[in-house]
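In: 3D model of this:
(4 chains)
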Number of protein chains: 2
Amino acid sequence: MGQGIDVAVSTVILALLPTGGEPGDGPGDEPGSGPGGPRLHLPLVRRTREPHRDCWALPGGWVRPEESLADAGRRTLAETTGLRPSYLEQLYTFGRPDRSPTGRVVSVVYTALVRSREAAAAQEGENVRWSVADDATGLAFDHDEVVRYALWRLRTKIEYGSIARHFIGERFSLSQLREVHESVLQRRLDPANFRRAVEASGTVEPTDERLTGGRHRPPRLYRAVPAPHGAAPPWEGAGPPA
Amino acid sequence: MGQGIDVAVSTVILALLPTGGEPGDGPGDEPGSGPGGPRLHLPLVRRTREPHRDCWALPGGWVRPEESLADAGRRTLAETTGLRPSYLEQLYTFGRPDRSPTGRVVSVVYTALVRSREAAAAQEGENVRWSVADDATGLAFDHDEVVRYALWRLRTKIEYGSIARHFIGERFSLSQLREVHESVLQRRLDPANFRRAVEASGTVEPTDERLTGGRHRPPRLYRAVPAPHGAAPPWEGAGPPA
DNA sequence: ACAAAAGTGTTGGAAGTACACCCATGA
DNA sequence: TCATGGGTGTACTTCCAACACTTTTGT
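Out: Numbering: from 1, shown residues only, chains lettered A, B, ... in the order given. Below is the predicted model of the structure:
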């Protein structure tokens, strides 16, 4: 066709990191890592060329002719930050004619969630920075808007099981899961009611293991149950069609 | 950049039409228009060129360099079917490398809802056909999949006010609104409980008018209330950024 | 023994469901 | 007056938030 429209992908990758802390120690670690527990962070990359040179922006890049959109998201993410999230979900496609000053660009934006330990793989430095998601403003292009929309979507449609699987490890206590939800939703949750809601949701199941080494009674460990099915588009998180 | 990727838009436009009927008479008209009341229909267009020549497909076309994605959706929709829906919402972006045999095409798909009277504007003929949405299979490209996803999204996230505004007229009785919901959800709803749920939702408000000319007690007419705010991305349905 | 978190029970209110019943109109 | 849908009342159930309470561990 030759329309002269370029197709890019960008990714909003979110991780829960202790306020003021470094990637690597995540929720469930020593307390005192901040006034309100861990907060949502996302990696930004500094642009090294025009337009918006030296501005911070979401990691991303051009889609290659032979790769799927999700694959392009994964590839550009790895190239710019070193991150390789297991889960990627399409967020929205932005295509205002004037959103890039150099020409027509349509950006397919993905959202990913990573565990705090994986977040450490993003080599922070001169050109990569972890930023508190709610404070990320002044970004290049329309990325401010993209980030706000990604946060809105995360907070309004999350499932117990999925958020557990993606933000924390394979095995987790209900307190850890609750702390994740409290950090995302930015409000306290009743431990008793949270327990019952999670158990009734059917998205997690108890194991025989317990978390020892804590300072008090060892909690039972749970794991995310595969997938309830039928509540989401079948291809999300997996691969095709993307 | 010159990636050789073409950007298209397609639109899933849904209307409630009586089973076996013609566009123009909609829900709330004479009964006997089918065993189970009106059903979701969508217009399909016959492809006049390769690939998939003579196959039925979703209306759509190429995005022009200077128009927004939503505008491209509106324009191609009007060109192929004559329809001009007031509401357009982005559904998903499909971009498998092999989804078109002639080259790399990324399709941004929009969903629209139209009133049955507006649906009559789609000049049905040799190359435009209204089809029962749940029965639409064998379409060109990956459009089967697109239609199924659009139906899933409509059925899982609808609001009283919005569905009223888009599927039926400015003024409507609660019975008409209930019939719309019953058709979309494919199950009967209790009239008394439906009334209370709608009234409590705050998305519709009563007027002083009544619908006369019916065969029985004239029902009060309601209208959709502007917008609750904060429950959806701000730009959907309006225009930019899209 | 004590502190602190794990885990259970109970209660009251909101919201959803089923269904009985009265009201208003056209034929 | 009667059939029919419009509209109201009410009891029952289910869900959810608040919070008191018991259990189990490390120190």
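In: can I assume A:V9 sits in a helix?
Out: No. A:V9: not assigned to a helix; according to DSSP: H, G, I helix; E, B strand; the rest coil it is strand.
In: who's it bridged to?
Out: Note on A:V9: beta-bridge partners A:G61, A:V108, judged by DSSP bridges.
In: separation between it and DNA strand D?
Out: 36 Å (Cβ to the nearest atom of the strand, to the nearest Å). All C-beta atoms are positioned from the backbone trio N, CA, C, and that covers glycine.
In: for that residue, what are its contacts?
Out: Contacts here follow Cβ atoms under 8 Å, 6 or more residues apart in numbering or on different chains; on that basis A:V9 touches A:60-61, A:63, A:69, A:72-73, A:76, A:107-110.
In: next one: A:A140
Out: Residues in contact with A:A140, defined by Cβ under 8 Å, 6+ apart, are A:47, A:51-52, A:55-57.
In: picking that back up, just put the contacts of A:V9 in a markdown table and tack on neighbour count.
Out: Shown next, in a markdown table, are the contacts of A:V9 (neighbours: other Cβ atoms under 10 Å in any protein chain shown):
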| residue | neighbour count |
| --- | --- |
| A:G60 | 24 |
| A:G61 | 16 |
| A:V63 | 28 |
| A:L69 | 23 |
| A:A72 | 23 |
| A:G73 | 29 |
| A:T76 | 23 |
| A:S107 | 23 |
| A:V108 | 27 |
| A:V109 | 24 |
| A:Y110 | 27 |
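In: What subset of the contacts of A:A140 is buried?
Out: A:47, A:52, A:56-57 (16 or more other Cβ atoms under 10 Å in any protein chain shown).
In: Can you pick out the most distant pair from these?
Out: A:H52 and A:W56 (9.0 Å; Cβ to Cβ).
In: Give me the domain ranges for chain A.
Out: Using automatic domain parsing, the domain ranges for chain A come out as A:6-156, A:160-224.
In: could you say what helices and strands the lowest-mean-pLDDT helix or strand in chain A packs with?
Out: Using mean pLDDT, DSSP states H and E, helix A:160-167 stands out as the lowest-scoring helix or strand of chain A, at a mean of 79. Helix A:160-167 sits against strand A:105-113, helix A:174-185, helix A:191-201, strand A:204-210, strand A:220-224, with contacts defined as 3 or more Cβ pairs under 8 Å, 6 or more residues apart in numbering or on different chains; DSSP states H and E.
In: let's see 7 Å
Out: Applying 3 or more Cβ pairs under 7 Å, 6 or more residues apart in numbering or on different chains; DSSP states H and E, we find helix A:160-167 packed against helix A:174-185, strand A:204-210, strand A:220-224.
In: which parts of chain A sit against DNA strand C?
Out: Counting by Cβ under 7 Å from any atom of the strand, the residues of chain A close to DNA strand C are A:173-175, A:191-193, A:195, A:210, A:214-220.
In: Would you mind checking which of these is nearest to chain B?
Out: A:N193 (23.8 Å; Cβ to the nearest Cβ).
In: interface residues of chain A facing chain B?
Out: Where chain A comes near chain B, counting by Cβ under 7 Å from any Cβ of the partner chain, the residues are A:1, A:3-7, A:62-63, A:65-69, A:90, A:92-97, A:99, A:104, A:106, A:108, A:142, A:145, A:149, A:152, A:233, A:240-242.
In: Those in helices, which ones?
Out: Judged by DSSP state H, the residues of chain A next to chain B include A:69, A:145, A:149, A:152 as members of helices.
In: okay, and for chain A, where does confidence drop off?
Out: Counting by pLDDT under 70, chain A has low-confidence residues at A:1-2, A:20-36, A:227-242.
In: Any chance you could note which residues of it sit beside DNA strand D?
Out: Listed as neighbours of DNA strand D in chain A under the rule Cβ under 7 Å from any atom of the strand: A:190, A:192-193, A:197, A:200, A:212, A:214-218.
In: most neighbours, which of those?
Out: A:A197 (14 neighbours; other Cβ atoms under 10 Å in any protein chain shown).
In: what's near enough to touch it?
Out: Residues near A:A197 by Cβ atoms under 7 Å, 6 or more residues apart in numbering or on different chains: none.
In: Try it again at 10 Å.
Out: A:160, A:178, A:181, A:189-190 (Cβ atoms under 10 Å, 6 or more residues apart in numbering or on different chains).
In: before we move on, the earlier item: the residues of chain A next to DNA strand D: which two are farthest apart?
Out: Most distant of those, by Cβ to Cβ, are A:A200 and A:R215, 29.2 Å apart.
In: Can you pull the phi/psi pair for A:F141?
Out: phi 50, psi -140 (degrees, to the nearest 10).
In: Perfect, I'm done here.
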